[in-house]
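J.: Requesting a structural model of the entry that follows:
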Amino acid sequence: MRAIVRNTARSAAFLSILAAFASADAHDDVLETLTKMAAALTEVNGDGVASNSANVAAFMSAVSKNMPDYDTLKNNVTALVNNAEISSSIETLNEETAGEAYKIDLDWLLEIRSLEQDGPLVRRREVVHCELRQEQNGKNKNKPRWKIVALKPLDFFAPPSLAK
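T.: Residues are numbered from 1 along each chain as shown. Model (predicted):
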């Protein structure tokens, strides 16, 4: 009987360790996904000019095409990068796992500068709530990728009025 209890305790400890590693891997993978997403808004090519279509594609690659309001988000981000120079940064505030979902709150800062000479600068800072789930990657079916399935507020990524 003691051997069974000892083996069960070892198994439980081993599973706890595996769960901790899996959680750490999920954390790292989710942060990598979100960091790339934020960086996509800021990216410029070798000439110092933003590649707007590439920026939108890189940003949206982190978002599930099944997310409600996917098209609204894509249209907002497209208009945002087409009309302004963007600086974007994120900081993690809170995160939790709930079943297969990974929920994370980000302190997201956007600095949006008009492309016009001496145009205005708009600063936005807000808590952005993200929920991610793993989805099969089209390129590598063996390694699912974390994708955003819910994002609030969507209007955080809408273009501001940059009129003087």
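J.: confidence score at the residue nearest the centre of the chain?
T.: Centroid-nearest residue in the chain, with C-alpha atoms, centre = their mean: Leu34, separated by 2.9 Å. On the pLDDT scale, Leu34 is placed at 94.
J.: which residue sits closest to it, ignoring its sequence neighbours?
T.: If the residues on either side of it in the chain are set aside, Leu34 comes closest to Ile90, at 6.1 Å by C-beta to C-beta, 6 or more residues apart in numbering. The way it works is simple: take the backbone N, C-alpha and C, and place the C-beta from them, glycine included.
J.: before we move on, what about Ser88?
T.: Take Ser88 and drop its neighbours on the chain: the residue closest to it by C-beta to C-beta, 6+ apart is Leu41, 4.0 Å away.
J.: Return the distance of stretch 31-43 from the chain's centre.
T.: Mean-position distance between stretch 31-43 and its chain equals 7 Å (C-alpha atoms, centre = their mean, to the nearest Å).
J.: quick one on the thing from earlier: gap between the residue nearest to Leu34 and Val127?
T.: Applying C-beta to C-beta, to the nearest Å, the value for Ile90 to Val127 is 11 Å.
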